[in-house]
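S.K.: Got a predicted structure here, sequence first:
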Amino acid sequence: MDIDRELTEAERTPLLTKDGAALLQRMLEHERTPRFTHRCGDRLTAEGLRRVKDFEKGLRAAKKGWRAGEVPTWVESFARDCSLNVPLYRRNGTDSNRFLQLPTVTRADLATEPWSFVPDHQPLDDLIFYGTSGTSGHPIKVLSHPEVSSKYLALLKAALGLHGIDLNGGAQNVSIVLVCAQNYTYTYASISSLLGGAGFLKLNLNPLEWKEPSDREKFLDDMQPEVYSGDPISLYELSKLSLKHRPKALVSSAMALSDGWKDELEKHFGCPVIDLYSSNECRLMAAKVMGGHSIVPHDLFVEILDENGVQCAEGERGEITITCPRNPFLPLVRYRTGDYASLKFTTKAPLLIGLEGRPPTQFVTTTGTILNNVDISFMLYAHPIAQYKLHQNADRGLSFSHAGVMADEDIRKILLDLFGHGQKLRIDTLKNDADSGKVRQYSSDVKDLDPRKATRAYQRLEWDPSTKN
C-alpha cells in the first residue's frame, strides 16, 4: 500500500454497511459538528472481526485468576516463544527455562528501540503506530495492529459488565464518545464493526474547535451516546456543559480518579463512573470494583516486583509488571509499568490494591488560567527530548529538567509562549532519571487551584502531526 496516499473509506472500514455509512455521514455532516482533524476506521476485515469475536468469547469463558506464586502455563510458553523470535528478548538473554529468572524490561527500552519488540515472523502489512508522551517522561511510538483497538472495545464491554451495564450498539446508535479537553488532539468519527456498526466519536471540548461553543451541547445531545469516556480533567469539562441526555455510564482512564471527584460526577450525571487502569503499551488492564481494581483481560499476567525485581508476597506493595501477548507488534514479557500496587487473589480475578498510577496535573499560567499537562506534552512531542520533568512550585515558578539534545533556549521559548513571558522558569539537565525507567513527568505544589473556579487556557493550534491515514 502506498503510504503517501489517503485511505479510502472502504479501506478504513472494510465492513461498513449502508446503515453504518449513513450514521458516519450524519456524524461528519451534522450542522453542529466540530472540526475533525483525522479520518479513522477500525480496518477490520471479516477474518479480523472473527478473531476479535473469538477474543471476546475467550474473555467471557476464560478463568482470569491464578494462585499466589503460580506462573500460568500459557505465560511460560509465550515467554519461551519471545526468547526465540523477538530481538529484544533474544538479545537480553531471555532464554531461561524459569520465567521468574527472566530480566524485566521498561518503557525506556520501548522509547529507545520500539522495533526490537517486533517478532521476526510478524508480517508488517497491518502495522500502525501512534505517538504518545503520556505522563511518564519517555515519549514513545507504540507499534500496533488494528485488531488491538477492537479488542480494547471487547475489554471495555467486559469492564462495563462488571457494573451491570451493556452496550446496545447497532448502526442506529452512537455507542461511545471519547472526550478530551486540550488545545489540540486527534478528533474523528468512525464506525465500530464489533459494536454492530455503532458510532464512535473522539471529540475535543475546546470551544475553539466548534463553530459556536453552544454547538457542543447540541451536537452531543443529538448523538445521545451510550457511554462517555475520558480522563478526570475532560470529564470535569463535560460536566460544565448543559447536557440533557444522560449516558448509561462514564468511563475514566489515563489518569488517577479521586473518590471525591468520582462521587461528584456520578451525582451530576446520574450514572456510574467506572475507573479503569490502562496504559498505552497494554491498553485496558483493570476496572475498579469494591475492594480494588479487578484484572479484566484473560491474556494478562500481573506480577508485583520489588526494586530488585523479586516477586512480592501477596499484599506487599511493589511495581506492577505485566506479561501480555495481545499486540503482535508489542509482545510484553515482564514489562515494568512504573505504577505501584499490591496484589490480592480472589476466586474471580486478582485485585490490584492501593493502585498508584498517573495523577492528573494542571498548571497555572501567569494570567491565572489553567493548562492541561497534555497540552504541554503536545507542544514538546516533536522535539528531540528523550525524557523530561516539569514541576510548578508553590509560588507558581517552573522547574524543567530534561535529557536529550534540544537547546535550553528553544525549550524556554515554548514554555514561555504557553505560560506567559513573565513566567519564572529554571531549566536543568535531568540527572540519572533516564535509567530509572519511569519518572513522574508532571507535578505541582500549587495548593489553591480550584478547577471549578479557574479558566482554562484554550488555544486553537493548527499544527497537525497526523498522517493522512
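M.R.: On my side now, so go ahead.
S.K.: What average pLDDT does stretch 58-78 get?
M.R.: Mean per-residue pLDDT for stretch 58-78: 88.
S.K.: Okay, now that stretch: how far is its last residue from its first?
M.R.: Stretch 58-78 has an end-to-end distance of 17 Å (criterion: Cα to Cα, to the nearest Å).
S.K.: now stretch 54-72
M.R.: Its first and final residues considered, stretch 54-72 spans 21 Å by Cα to Cα.
S.K.: buried set for it?
M.R.: Buried residues in stretch 54-72, counted by 16 or more other Cβ atoms under 10 Å: F55, E56, L59, K64, W66, V71. Every C-beta, even on glycine, is put in place using the N, C-alpha and C of the backbone.
S.K.: Next up, the contacts around the nearest residue to A349 once chain neighbours are set aside.
M.R.: Leaving out its chain neighbours, the residue that sits closest to A349 by Cβ to Cβ, 6 or more residues apart in numbering is K64, at 4.2 Å. Going by Cβ atoms under 8 Å, 6 or more residues apart in numbering, K64 touches I295, V296, P297, H298, K348, A349, P350.
S.K.: repeat for T321
M.R.: Contacts of T321 by Cβ under 8 Å, 6+ apart are T104, V302, E303, I304, L305, R334, Y335, R336, T337.
S.K.: mind redoing it with 6 Å?
M.R.: E303, L305, R334, R336 (Cβ atoms under 6 Å, 6 or more residues apart in numbering).
S.K.: can I get those in CSV with neighbour count and pLDDT?
M.R.: Listed next are the contacts of T321 as CSV, based on neighbours: other Cβ atoms under 10 Å; pLDDT from 0 to 100:
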residue, neighbour count, pLDDT
E303, 22, 96
L305, 17, 95
R334, 23, 96
R336, 21, 94
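S.K.: any idea which of those residues is closest to I140?
M.R.: Nearest to I140 among the contacts of T321: R336, at 14.1 Å, using Cβ to Cβ.
S.K.: any idea which helix or strand carries that closest one?
M.R.: strand 332-344 (DSSP states H and E).
S.K.: send the alpha carbons of that strand over as CSV?
M.R.: What follows is strand 332-344, C-alpha atoms only, in CSV (Å, rounded to 0.1, in the frame of the first residue of the first chain):
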residue,chain,number,x,y,z
LEU,A,332,5.3,-7.8,26.6
VAL,A,333,7.3,-10.1,28.8
ARG,A,334,7.8,-8.9,32.4
TYR,A,335,7.3,-5.2,31.4
ARG,A,336,7.6,-2.9,34.4
THR,A,337,4.9,-0.3,34.2
GLY,A,338,6.2,2.2,36.7
ASP,A,339,2.9,2.1,38.6
TYR,A,340,2.5,0.6,42.1
ALA,A,341,0.0,-1.5,44.0
SER,A,342,-0.2,-4.8,45.9
LEU,A,343,-2.0,-7.9,44.6
LYS,A,344,-4.8,-9.7,46.3
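S.K.: which residues touch the helix or strand following that strand?
M.R.: Using DSSP H and E, the helix or strand that follows strand 332-344 in sequence is strand 351-356. Contact with strand 351-356 is made by Y277, A286, G291, G292, H293, S294, Y340, A341, S342, K344, as judged by Cβ under 6 Å, 6+ apart.
S.K.: Could you export those residues as CSV, including neighbour count, pLDDT and distance to V142?
M.R.: As requested, the contacts of strand 351-356 are exported to CSV (neighbours: other Cβ atoms under 10 Å; pLDDT from 0 to 100; distance: Cβ to Cβ, whole Å):
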residue, neighbour count, pLDDT, distance to V142
Y277, 26, 93, 17
A286, 25, 95, 19
G291, 10, 88, 31
G292, 19, 92, 27
H293, 22, 94, 22
S294, 22, 95, 25
Y340, 15, 89, 22
A341, 23, 92, 23
S342, 19, 94, 28
K344, 15, 94, 30
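S.K.: got TSV for the residues you listed, with distance to R26 too?
M.R.: As requested, these are exported to TSV (distance: Cβ to Cβ, whole Å):
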residue	distance to R26
Y277	34
A286	35
G291	42
G292	41
H293	37
S294	36
Y340	45
A341	43
S342	47
K344	46
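S.K.: returning to that earlier point: return the closest of the buried residues of stretch 54-72 with respect to N327.
M.R.: Of all the buried residues of stretch 54-72, N327 sits closest to F55, with 12.2 Å by Cβ to Cβ.
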